[in-house]
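In: What shape does this take:
(2 chains)
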There are 2 protein chains.
Amino acid sequence: MRVLIIGASGLVGRALTNALIDTPKLQGESIEQLLLLDQAVTSYPNLDWVKAYTGDVSDTALLRRILADGIDVVFHLASVPGGLAEQDYDLGYRVNLQGTLELLNQLQQQVHCPTLIYTSSIAVYGVDLPQSMDEDYLPHPQLSYGAHKLMVETLIRDLSRRGDINGQALRLPGIVARPSQASGLKSAFMSDLMHALAEGHSYECPVSADATAWWMSVKCCVDNLLHATELNPQTQHSIWQLPILHLSIRQVISALCHVYDQDPALVSFNPDTNLEALFGQYPPIMTSRAEQAGFMHDVDAITLVTRALQPI
Amino acid sequence: MRVLIIGASGLVGRALTNALIDTPKLQGESIEQLLLLDQAVTSYPNLDWVKAYTGDVSDTALLRRILADGIDVVFHLASVPGGLAEQDYDLGYRVNLQGTLELLNQLQQQVHCPTLIYTSSIAVYGVDLPQSMDEDYLPHPQLSYGAHKLMVETLIRDLSRRGDINGQALRLPGIVARPSQASGLKSAFMSDLMHALAEGHSYECPVSADATAWWMSVKCCVDNLLHATELNPQTQHSIWQLPILHLSIRQVISALCHVYDQDPALVSFNPDTNLEALFGQYPPIMTSRAEQAGFMHDVDAITLVTRALQPI
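Out: Have a look, this model is predicted:
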């Protein structure tokens, strides 16, 4: 089978690429070709069955070339991150919405119904969330990034209903730990806190200790992406809120200090009202449908922070 | 001010055109130019301030020409109806989604933030609805038509949040009475029943007498569209479920027989499973938010059937 990863150079993309190179099997079949697409694809092993393409999802002609020989499974992980997409609306629109809609059009035209795993985001939900939530909560995105994700989810469900694709949209929480660098992700502080404490550096946290967020390690995320390819398109939903760990910053700091033997006093707090509203007020969420379908969270805070800082 | 009606030749479009020609005022200002766009615009009075364009919303160049001198209020009523869009996916995609997204892009580029009133549809909700619903029910469309409407709603809300447009998406129920003709609308039976009974013809109803639907007269619909232009974009939501009359086919037949002095025995029943599931199982819906914002339904069944068959 032929498998394509769009956004192969991102944190999740690299971990997924490694997982598929380690175990080149999906849906009970061997992977004969693994195709990687990103704006720059560098760090992958030189294997004759792995091929890299440079470009982005909004390059229609490139996509058509990649998909010309047919495709069985596509992981679409690429997006302009939320902070950047909010500032540069046209860029976010072109990549996160228009390019992705074009990808869906091209997948719809495949002779054999392909599987598409799409990383949506909890950014679909917006702010002012209720005290507790479940999988039927009505999203009202507060960023264009989340609005575009929600639109793509809707089209994926429609094309799956029509039987044109087997699409699964997974709403990811904050994935940790991303590399410490300006990534345009508004939730970058979730990872920055981890790197700082693990390395014993002081850190000024832009949300309060009581801020609560939804967390997932990159390893757990990849396990869920792989699991999604195995779902039966006939009996399943197409839009999934992944199970998450609902943890306060205080709980994460405590787990980090326990695992990496550090002093919580390394962290000071200087909450930013906007960040706190967007990323610090997530309530618990019930995800029984996703759990029943076999999706997983990271078990507990100790496992999360341990996995989060392991090399991928 | 300059006002554009896209879909001006449809049932709602003609009624809205007539209303604006009768009273050429919106948002406290006089209408200096009324622009009508549809695939064929014929039946409008020859007035120097009313101008018709032939084309559809997916004609980007035409749209750009129409909008070149600026626009204050756009009513976007045009769509490929649900039944047709389900069969001819590419046509529905091009008009209902792609053309509409392009319209939004062009409105976003206007110097002055324009008002956009968009007719969405209760087709966003899908099937298997709960026993009672409210405005926060999570939509899961079962037709591509509804999926595309839901996607457009999401983008309208996002552009309104950004302050680029003042957009209001109104979810319309079955609008009655449409002309008796194959329109590609799956809900055409709601109107066909009315015409038949009012004229004393027998009618074979494709849903059961107990089937319940959501009804609105074209007059009430136009009143709501006009009202939507007056909403304050700062304090309001952008997506509205209009208040509706929740009536069974039996109740509508009874009102028709009362108003037009006919015999209920003119109607026989031959329910179609698919139509019954799509259009015959609507539960009551609470629309307190929309009512508080000043939107209205048709008061009662007698008023509905009376208004529905009045010339517009």
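In: do you know how far A:Ser160 is from A:Pro233?
Out: A:Ser160 sits at a distance of 6 Å from A:Pro233 (criterion: Cβ to Cβ, to the nearest Å). In short, each C-beta sits where N, CA and C put it, glycine included.
In: So the two - more neighbours on which side?
Out: A:Ser160 (23 against 15; other Cβ atoms under 10 Å in any protein chain shown).
In: which other helices and strands contact the stretch of helix or strand that one belongs to?
Out: A:Ser160 belongs to helix A:144-161 when assigned by DSSP states H and E. Under the contact criterion of 3 or more Cβ pairs under 8 Å, 6 or more residues apart in numbering or on different chains; DSSP states H and E, helix A:144-161 touches helix A:82-87, helix A:89-92, helix A:100-108, strand A:115-121, strand A:166-172, strand A:239-241, helix B:144-161.
In: residues in contact with the fifth one?
Out: Same thing as strand A:166-172. For strand A:166-172, contacts defined as Cβ atoms under 8 Å, 6 or more residues apart in numbering or on different chains pick out A:12, A:113-122, A:124, A:152-153, A:156-157, A:159-160, A:216, A:221, A:224-225, A:228-229, A:231, A:233, A:236, A:238-242, A:295.
In: and these, which are buried?
Out: Using 16 or more other Cβ atoms under 10 Å in any protein chain shown as the burial test, the contacts of strand A:166-172 include A:12, A:113-122, A:124, A:152-153, A:156-157, A:159-160, A:216, A:221, A:224-225, A:228-229, A:231, A:238-242, A:295 as buried.
In: where along chain A do the helices fall?
Out: Remark: helices assigned in chain A by DSSP state H are A:11-22, A:60-67, A:82-87, A:89-92, A:100-108, A:144-161, A:189-198, A:218-228, A:249-260, A:273-279, A:288-292, A:301-308.
In: Mean neighbour count, those: which tops it?
Out: helix A:144-161 (a mean of 26; mean count of other Cβ atoms under 10 Å in any protein chain shown).
In: Just the CA trace of that helix, in CSV.
Out: Extracted C-alpha coordinates of helix A:144-161, given in CSV (Å, rounded to 0.1, in the frame of the first residue of the first chain):
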residue,chain,number,x,y,z
SER,A,144,-9.8,31.5,12.2
TYR,A,145,-7.6,28.4,12.7
GLY,A,146,-10.3,26.7,14.6
ALA,A,147,-13.0,27.8,12.2
HIS,A,148,-11.1,26.4,9.3
LYS,A,149,-10.5,23.1,11.1
LEU,A,150,-14.2,22.9,11.9
MET,A,151,-15.1,23.5,8.2
VAL,A,152,-12.7,20.7,7.1
GLU,A,153,-14.1,18.3,9.7
THR,A,154,-17.6,18.9,8.3
LEU,A,155,-16.5,18.2,4.7
ILE,A,156,-14.6,15.0,5.8
ARG,A,157,-17.7,13.7,7.5
ASP,A,158,-19.8,14.5,4.4
LEU,A,159,-17.4,12.7,2.0
SER,A,160,-17.2,9.8,4.3
ARG,A,161,-21.0,9.6,4.5
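In: Please state the offset of it from the chain centre?
Out: Distance of helix A:144-161 from the chain centroid (Cα atoms, centre = their mean, to the nearest Å) equals 15 Å.
In: Report the rounded mean pLDDT for it.
Out: What helix A:144-161 shows for mean pLDDT is 97.
In: ok, now stretch A:96-109?
Out: For stretch A:96-109, mean pLDDT is 97.
In: can you list the domains in chain A?
Out: According to automatic domain parsing, chain A comprises the domains A:2-173+A:217-241, A:176-214+A:245-286+A:299-308.
In: Among those, which comes closest to B:Val259?
Out: Nearest of the domains of chain A to B:Val259, taken as Cβ to Cβ: domain A:2-173+A:217-241 at 38.4 Å.
In: still on that earlier bit, of all the helices of chain A, which one comes closest to B:Ile312?
Out: helix A:144-161 (33.3 Å).
In: Now do that closest one and strand A:166-172, the angle between them.
Out: If you take axes from the mean of the first three to the mean of the last three Cα atoms, to 10 degrees, helix A:144-161 sits at 150 degrees to strand A:166-172.
In: got the angle between helix A:144-161 and helix A:100-108?
Out: Using the same axes, to 10 degrees: helix A:144-161 against helix A:100-108 is 20 degrees.
In: Residue of the stretch 151-300 of chain A closest to chain B, please.
Out: Nearest residue of the stretch 151-300 of chain A to chain B (Cβ to the nearest Cβ) works out as A:Asp158 at 3.7 Å.
In: That residue: what's it in contact with?
Out: B:141, B:144, B:147-148.
In: Contact residues of chain A facing chain B?
Out: A:89, A:93, A:105, A:136-138, A:140-142, A:144, A:147-148, A:150-151, A:154-155, A:157-158, A:161-162 (Cβ under 8 Å from any Cβ of the partner chain).
In: Surely A:Ser9 and A:Leu37 touch.
Out: No. Using Cβ atoms under 8 Å, A:Ser9 makes no contact with A:Leu37, being 9.1 Å away.
In: neighbour-wise, which of those two wins?
Out: Between A:Ser9 and A:Leu37, counting by other Cβ under 10 Å, A:Leu37 is the more crowded of the two (27 against 21).
In: Could I get the pLDDT score of that one?
Out: On the pLDDT scale, A:Leu37 gets 96.
In: if I read this right, it contacts A:Gly55, doesn't it?
Out: Yes. Using Cβ under 8 Å, A:Leu37 is in contact with A:Gly55, at 6.3 Å.
In: what touches both of those two?
Out: A:Leu62.
In: Quick check: the closest residue to A:Gln98 other than its chain neighbours vs A:Leu104, distance?
Out: Once flanking residues are discounted, A:Gln98 sits nearest to A:Ser58: 6.2 Å by Cβ to Cβ, 6 or more residues apart in numbering or on different chains. To A:Leu104, A:Ser58 is 13 Å away according to Cβ to Cβ.
In: can you check A:Thr42 too?
Out: On the measure of Cβ to Cβ, A:Thr42 and A:Leu104 end up 28 Å apart.
In: helices and strands around the worst-scoring helix or strand of chain A on mean pLDDT, which ones?
Out: Sorting the helices and strands of chain A by mean pLDDT, DSSP states H and E puts helix A:273-279 at the bottom, at a mean of 87. When contacts are defined as 3+ Cβ pairs under 8 Å, 6+ apart, helix A:273-279 sits against helix A:189-198.
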